[in-house]
Structures are given as structure tokens and as C-alpha cells.
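*Asks:* coordinates only, sequence not included:
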């Protein structure tokens, strides 16, 4: 059987085969784009200034919905969930760091290191919660299967 031809430079794209990294990078791009849009609208669209609270609420809700992509995609695999979320949050942190250079007051609200720790701890908490939930569900499922197996073997013993 002939080997598949490799195009020059294809080795660089092999990371796309890892679904956790792929979803994490794409989510990081989405989060970064949304953050930059939020920042530009907040600082350059003066007509929306009277609606700043609503604007921030909507933008925050969109950010949370985008951050939930790795959680929903890898809800059965907590380790991949954490890796994917951390990759996404790392890209968002680098975007935040770049935005701090242009918008100097952004660092007074929250630094890039604080933002990274906030995201890492959040994804870690959700991944641990999902892992414990999956362990409890597996234990309950095995217990029910064991009870059903014992009941089935008990019924066979009575019919003999």
C-alpha cells in the first residue's frame, strides 16, 4: 500500500488532529475576537455610552457562552475539557496582554496574570466537578447493574 503524499509544511498542521487542542484554539480565537470587539465598542462607540450596563451584560453573557464551548464539547472527558479550556484561556490572556499595551487603564482593573489564573481555576473547577459527577454516575450505574445481576441469578436459582 502506498503512503499518503506529504505536502511541504504539513507537519505544522498535525496539532489539528488533537480535538482538545483544536477546539481550545478555536474557542480562544472566538473569545479574543469577542473581547476585542467589546473593548472597541466600549471605547470608541460613544452613542452606546448611556447603555453601558446593558452592553457589558450582553458582552459578558456572550463571553460566558463562548467559554462554555470546551465544557459542552468534552463533558464526558474532564481532562480534555481542562486542556481545551486552558488553551482557549491562554489565547485570551495573550490578547488581553496585547490590549493592555494600548489601553493602559485596562491593567488597573485586572492584570493579565490575574485573568489567566481566573480562567485556569474556573476551568479546573468545572473539570473536577465533571470528573466527580462522572465517577458518581459510573458508581451508581455499576451498583444498579450489580443489583439486577443478583436479582436475575436469584430468579434462576428459584426456578430450578
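*Replies:* Cool, the structure landed. Values in this document were obtained by computation on a predicted structure and should not be read as measured data. Residues are numbered from 1 along each chain as shown.
*Asks:* Remind me which helix or strand residue 142 belongs to.
*Replies:* helix 112-159 (DSSP states H and E).
*Asks:* brain fart, residue 42
*Replies:* Using DSSP H and E, residue 42 falls in helix 19-44.
*Asks:* next one: the helix holding residue 142 to chain centre, how far?
*Replies:* How far helix 112-159 lies from its chain's middle: 20 Å, per C-alpha atoms, centre = their mean, to the nearest Å.
*Asks:* low-confidence ranges in this structure?
*Replies:* Applying pLDDT under 70 to the chain picks out residues 1-15, 155-160.
*Asks:* returning to that earlier point: what is the very next helix or strand once past the helix holding residue 42 packed up against?
*Replies:* The element immediately downstream of helix 19-44 (helix or strand, assigned by DSSP H and E) is helix 52-67. Counting contacts by 3 or more C-beta pairs under 8 Å, 6 or more residues apart in numbering; DSSP states H and E, helix 52-67 packs against helix 19-44, helix 78-102. From N, CA and C alone the C-beta is placed, and that goes for glycine too.
*Asks:* what's in contact with the helix or strand just after helix 52-67?
*Replies:* Downstream of helix 52-67, the first helix or strand assigned by DSSP H and E is helix 69-73. If you take C-beta atoms under 8 Å, 6 or more residues apart in numbering as the criterion, helix 69-73 is touched by 19-20, 23-24, 26-27, 30, 81, 84-85, 88, 123, 126, 130.
*Asks:* Pull the most distant pair out of these.
*Replies:* 30 and 130 (21.2 Å; C-beta to C-beta).
*Asks:* hang on, the earlier thing: want to throw the helices and strands packed on helix 52-67 into TSV with distance to residue 55 and mean neighbour count?
*Replies:* Shown next, in TSV, are the helices and strands packed on helix 52-67 (distance: least, C-beta to C-beta, whole Å; neighbours: other C-beta atoms under 10 Å):
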stretch	distance to residue 55	mean neighbour count
helix 19-44	7	17
helix 78-102	17	20
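*Asks:* who's in contact with stretch 79-96?
*Replies:* For stretch 79-96, contacts defined as C-beta under 8 Å, 6+ apart pick out 19-21, 23-25, 27-29, 31-32, 35-36, 67, 69-71, 73-75, 106, 112, 115-116, 119-120, 122-124, 126-127, 130.
*Asks:* my bad, stretch 52-65
*Replies:* 31, 34-35, 37-38, 41-42, 48.
*Asks:* how about 10 Å then?
*Replies:* Under the contact criterion C-beta atoms under 10 Å, 6 or more residues apart in numbering, stretch 52-65 has outside partners 30-31, 34-35, 37-39, 41-42, 45, 48-49, 51, 72, 92.
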